[in-house]
Every structure is written in structure tokens, then in C-alpha cells.
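J.: Requesting a structural model of the entry that follows:
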Amino acid sequence: MHFKIQVVIEEASGDMTIEDIIHLDKRCESGSTLGLSLLESKQLLQALQKTMVLNQAERYSASHQDCPGCHKKRTIKSYHTFQFRTLFGIISIPNVRLYHCACANSSTESFSLLSEWLLEHTSPELLYIETKWASLMSYGSTAHLLHDVLPVNQSLNPVTVRNHLHKVAKRQEAELEGKPDHLSGCPRDWGKLPKPDKPMTVGIDGGYVCNWHEKNTHFEVIAGKSFSTTQPSKQFGFVQKIDDKPQRRLMNILAEQGMQANQQITFLSDGADNIRDLQYYMYPESEHILDWFHVTMKLTVLNQFAKGMVHTDPDAEAEITKALESTKWYLWHGNVERALDRIEDCIVVSGDETIRYTNRKKFLKHLDELDIYIRNNQHLIPNYGEKWRYGKAISTSFVESTINEVVAKRMVKKQQMQWTHKGAHYLLQTRTAVLNNDLHRHFERWYPGLKIKKNAEKPAAILKIAA
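T.: Numbers count the residues shown, from 1 in each chain. Just a heads-up that it's a prediction; the model follows:
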């Protein structure tokens, strides 16, 4: 059976042109040849794309050759072609170079007509698809996927995908320029604002990825999540060495969620200096809490050390275990002073030279670190028990899942890649945009008329199949 697929192009004047785009021979002997194969669908899409692009470019060139000022036909200087990369292959588009009209006040002698129409030689949808999938999986896997399901150009490779993702990320970064990194206005006027929405919670934590420049080392990336009971949650991430104004990024996220200056907001963090600096000063009336999850993790490690003493020093083990339980209880109720006393008791007992525990010095080191950690962050330790009873957030365990989703799944776990600081930072911007369901909104704003999620426009061409 022979299929001839044609495209009908209808002019504004009502004239119609019919063009053959592909011929297919299909046999009926085997069910395995039923319908279009993937290869045939690629050929069909590529042929249809080429027909539509060339016709649109031809119509544009014909309608814009006249001078918009005096309406005289501009003189042709030369002809050439340029490559336009699309989801359905590369199209070589004939282009014309025109001399500027005498009435035009221009600094150049001539110009390329289609270059003013197509500012970029890569279609926005191809850029979107590359960025979306490269944000979710490796650059190589993205290139292989596109080659498998679409008639993209054969030269598309992981480096091209990475460069296109960086291009999108840089455009996202440029939009942050000039945005505030703290609340503006006078605090006396904030009380006059409308009644705010429900309180917001922001959790911030750090993760580590392999360093490209210094092998066998890692560098830190910051990720976080903000949410309330009435607003969809949003995730963010950045590399602090690249982002010199992280407060601006966080303020932008909160603004997108409708945060008001008189709205209650709680910051949860692990107490690290760089994270504390991020959340301070940008929202003076906010509440800052040391994450209970990280406190209990440190106490769990110490309890494991203490259990190791049971075979060599059972009396010391019992005393230290009891003191650590008391430490946790006092911290849970916000009694920092008594908790520090219990930690000091543990240090005194484990500091006894007669103890035969082989890991005694390492245990002492961890106890000293906990003591310093609690002292440095004591102003961030509330009455956790009371907050928990009232249903308030006291832990960034939800941020641990954010670190896993934003950082680990793409950059650490099954994809043990090495990263530059910029490469990791740019990927975090596009990945969080995808996870927040914001990437398509960016593209629809950057390219007016582009509809990614739901294209309600009528098709520009009608296919007729003759068997």
C-alpha cells in the first residue's frame, strides 16, 4: 500500500498550495509493520518541519523587502543560508542581505533580513526540551534520548546540551539583577499592610559534590525549600562561591510565593556559619531555629561511641549514657545551660586517663565539637517540645529530602560526576526551575507566543493523506 502525505498551505488571500512531503510504502502481510514506525515518524516530522519553516521564511522575506519608511524595494547585496536548529532537525534557510534604504539613518551599509527575524539560531522549544531533560538526568543521557525519539540533528552531543543549559541558567540569573535582597520600606508601615497569609517556613541545608578542579575533594552547594499551608512549596539552590548575593535569590523565591513584610516566617538551619549569614538581615522579624534533626544526629553519634565502652568501662558507659539522655531532654525543652552542664560531665568522665576504651580520644573530640556547636547556636535553640505540641516545624528533615532531590539524585548518587563551581551553580538554577514547575513559564515569558503546556492555537497546516 502506498501512502502519499501532502501539506496544504493556505494563503491569507485564500489561495492554496499543495506540496508532497513524503511517500511511504507499507505492507499488510505482517502486523509488525502496522502504522508508522519511529523512523518513519522522524522522516515525516523532519519533512513537515522543513516545508513549514521554508515557507514561513519565504513569506517573511517577501513581505519585508520593502523599506518600512518610504516603501521602496531595497537593493539586494547577496544571498546566503544559515542553519536553524529545531526539534525536528536542522533546516538550511535561504537568507538575503539587503542594502539599507537611503532614507534610513543606519550605521551599517547592509543587513541580513532573516537575522532580524530569527535572533537565535536554535528554536525555543529545542532549548526548552534540552534544558528540562538535562536538569533531570545527565547531559549524555539527554542527548541519547533526543536522538532516540526525535529527528534532532546528529551533531547534538552532551557538550551542546550543557552549553544550552548554561545559556538558559545565565538568563535566569540576569533576571535577578536589581531585585532586593532585604525587605524594603519602613517597619512602622508594615502593620498597615493587609492581613498576611499563613506563616511560612524556610529550611536551608548544604550538600557536597565532587570538585573538577581539585580532584578527590568536594565543595558545598546550598539548597533549601520554602512552604506554607496555603502556598505551593518552592525549592532553590546555589553555589555560594558563585552567588555573592544569595539573600536576593531567597527573597525572590519568597516574593513569588506572595510573602508580605508583616508575615510570620521561620528559618530552620543546621547552624552552619554560611547558612546563618544567608538568613540573617534579610527579614529582621523572622524566627531562627536550630534544626532539631541535626542536634539529634550529633547525639546519636555520641551514644554509639558510649555503647562501645560497655566492654572495657561499664561504669563510665552507664554514667555517660545517662548524661547524654539528660542532655537531649534538656535541649528538647530549651534548657541550654543545663544541657551544657551534662555535656561537661561527659567530657570529665571520658577524660579520665584510666579509661581503657580505644576510641576515647575520638569520643572526646566529638564531645568538644558538640559543646562548641551548642554554645555557638544557643540563641537559636527554642523550647522544641512546646513548638512540637503546637504543630510548628522544628526540623529540616523535609530539607534533607530537598537536598536529595535537588542535589544528590542528579549530581551525586548514580551520576558520580565532577563539577566546576559554575557548572554546578547553573545546573541548580534550571533543575529547581523544573522541580518548581517554573521553567515553562520562563520560556513563555522570554518568547511571547510560545505555548509549551497547552497550545490552543489552530494548526498552521492541514495534512491530507491519499492512499
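J.: for Asn95, phi and psi?
T.: With angles defined as degrees, to the nearest 10, Asn95 sits at phi -130, psi 150.
J.: again with the one 4 residues further on
T.: When read as degrees, to the nearest 10, the backbone of Tyr99 gives phi -80, psi 140.
J.: Nearest spatial neighbour of it, chain-adjacent residues omitted?
T.: Spatial nearest neighbour of Tyr99, excluding adjacent residues (CB to CB, 6 or more residues apart in numbering): Thr75 at 4.5 Å. Quick note: C-beta positions are derived from backbone N, CA and C, even for glycine.
J.: Surely the one you found touches Val96?
T.: No - counting by CB atoms under 8 Å, Thr75 stays clear of Val96, with 10.6 Å between them.
J.: Please say which of the two ends up with more neighbours.
T.: A direct count of neighbours by other CB atoms under 10 Å for Thr75 and Val96 places Val96 higher, at 16 against 11.
J.: With Ile90 as the reference, measure out to the nearest residue to the more buried one once chain neighbours are set aside.
T.: By the measure of CB to CB, 6+ apart, the closest residue to Val96 outside its immediate chain neighbours is Leu113, 5.3 Å from it. Distance, Leu113 to Ile90, by CB to CB, to the nearest Å: 20 Å.
J.: likewise Lys179?
T.: Lys179 sits 37 Å away from Ile90, going by CB to CB.
J.: More neighbours: the two, which one.
T.: Ile90 (20 against 12).
J.: quick one: strands adjacent to the helix or strand containing the more buried one?
T.: Per DSSP states H and E: Ile90 is located in strand 89-99. Within its sheet, strand 89-99 is paired with strand 76-86 (antiparallel), strand 110-112 (antiparallel), according to DSSP bridges.
J.: Now find how far off-centre stretch 434-452 is within its chain.
T.: 13 Å (CA atoms, centre = their mean, to the nearest Å).
J.: quick check: mean pLDDT across that stretch?
T.: The pLDDT scores in stretch 434-452 average 91.
J.: Could you export that stretch as PDB, CA atoms only?
T.: Output in PDB follows, covering the C-alpha atoms of stretch 434-452 (Å, rounded to 0.1, in the frame of the first residue of the first chain):
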ATOM      1  CA  VAL A 434      12.000  22.300  36.600                       C
ATOM      2  CA  LEU A 435      11.100  20.900  40.000                       C
ATOM      3  CA  ASN A 436       9.200  24.100  40.900                       C
ATOM      4  CA  ASN A 437       7.300  23.800  37.500                       C
ATOM      5  CA  ASP A 438       8.600  27.300  36.600                       C
ATOM      6  CA  LEU A 439      10.800  26.500  33.600                       C
ATOM      7  CA  HIS A 440       8.000  26.600  31.000                       C
ATOM      8  CA  ARG A 441       6.800  29.900  32.500                       C
ATOM      9  CA  HIS A 442      10.200  31.400  31.900                       C
ATOM     10  CA  PHE A 443      10.300  30.300  28.300                       C
ATOM     11  CA  GLU A 444       6.700  31.600  27.600                       C
ATOM     12  CA  ARG A 445       7.700  35.000  29.100                       C
ATOM     13  CA  TRP A 446      11.000  35.100  27.100                       C
ATOM     14  CA  TYR A 447       9.400  34.100  23.800                       C
ATOM     15  CA  PRO A 448       6.000  35.700  23.500                       C
ATOM     16  CA  GLY A 449       3.600  33.400  21.600                       C
ATOM     17  CA  LEU A 450       5.300  30.200  22.600                       C
ATOM     18  CA  LYS A 451       2.900  27.800  24.300                       C
ATOM     19  CA  ILE A 452       4.500  24.800  25.900                       C
END
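J.: Report the buried residues of it.
T.: The neighbour-count check on stretch 434-452 (16 or more other CB atoms under 10 Å) flags 434-436, 439-440, 442-444, 447, 452 as buried.
J.: repeat for stretch 245-255
T.: 246-254.
J.: Just list what the host helix or strand of Gln49 packs against, helices and strands only.
T.: Using DSSP H and E, Gln49 sits in helix 38-63. Contact here means 3 or more CB pairs under 8 Å, 6 or more residues apart in numbering; DSSP states H and E; on that basis helix 38-63 packs against strand 2-10, strand 16-25, strand 76-86, strand 89-99, helix 113-117.
J.: ok now the strand holding Ile90, how far from the chain's centre?
T.: 35 Å.
J.: which other residues reach that strand?
T.: Applying CB atoms under 8 Å, 6 or more residues apart in numbering, the external contacts of strand 89-99 come out as 46, 49-50, 53-54, 57-58, 61, 65, 74-84, 109-115, 118, 151-153.
J.: List buried residues within these.
T.: Buried members of the contacts of strand 89-99, scored by 16+ other CB under 10 Å, are 46, 49-50, 53-54, 57, 61, 74, 84, 112-114, 118, 151-153.
J.: Relative to Ser226, which of those residues is nearest.
T.: Using CB to CB, Val152 is the member of the buried ones among the contacts of strand 89-99 that lies nearest Ser226, at 36.5 Å.
J.: The closest one and Ser123 touch, don't they?
T.: No - using CB under 8 Å, Val152 is not in contact with Ser123, being 10.6 Å away.
J.: what do those two both touch?
T.: 85, 87.
J.: what helices or strands is the helix or strand containing Asp371 leaning on?
T.: If you go by DSSP H and E, Asp371 is part of helix 360-376. With contacts defined as 3+ CB pairs under 8 Å, 6+ apart, helix 360-376 has these neighbours: helix 292-307, helix 336-350.
J.: can you redo these as CSV with mean neighbour count, distance to Ser397 and mean pLDDT?
T.: Formatted as CSV, the helices and strands packed on helix 360-376 follow (neighbours: other CB atoms under 10 Å; distance: least, CB to CB, whole Å; pLDDT from 0 to 100):
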stretch, mean neighbour count, distance to Ser397, mean pLDDT
helix 292-307, 17, 5, 91
helix 336-350, 18, 21, 93
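J.: Would you reformat those as a markdown table and include distance to Glu130?
T.: Below are the helices and strands packed on helix 360-376 laid out as a markdown table (distance: least, CB to CB, whole Å):
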| stretch | distance to Glu130 |
| --- | --- |
| helix 292-307 | 37 |
| helix 336-350 | 51 |
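J.: For Val406, find the nearest of the ones you listed.
T.: Of all the helices and strands packed on helix 360-376, it is helix 292-307 that lies closest to Val406, at 17.3 Å by CB to CB.
J.: contact partners of the closest one?
T.: By CB under 8 Å, 6+ apart, the surrounding residues in contact with helix 292-307 are 270-271, 317, 320-321, 324, 327-328, 331-332, 346, 359, 362-363, 366-367, 369-370, 373, 384, 394-397, 400.
J.: And the strands in this protein?
T.: Assigned by DSSP state E, the strands in the chain fall at 2-10, 16-25, 76-86, 89-99, 110-112, 200-211, 218-227, 234-238, 265-269, 287-290, 418-419, 462-466.
J.: Now distance to Asn163 too, for these, in TSV please.
T.: Below are the strands of the chain laid out as TSV (distance: least, CB to CB, whole Å):
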stretch	distance to Asn163
strand 2-10	33
strand 16-25	32
strand 76-86	12
strand 89-99	16
strand 110-112	23
strand 200-211	20
strand 218-227	21
strand 234-238	20
strand 265-269	34
strand 287-290	40
strand 418-419	15
strand 462-466	35
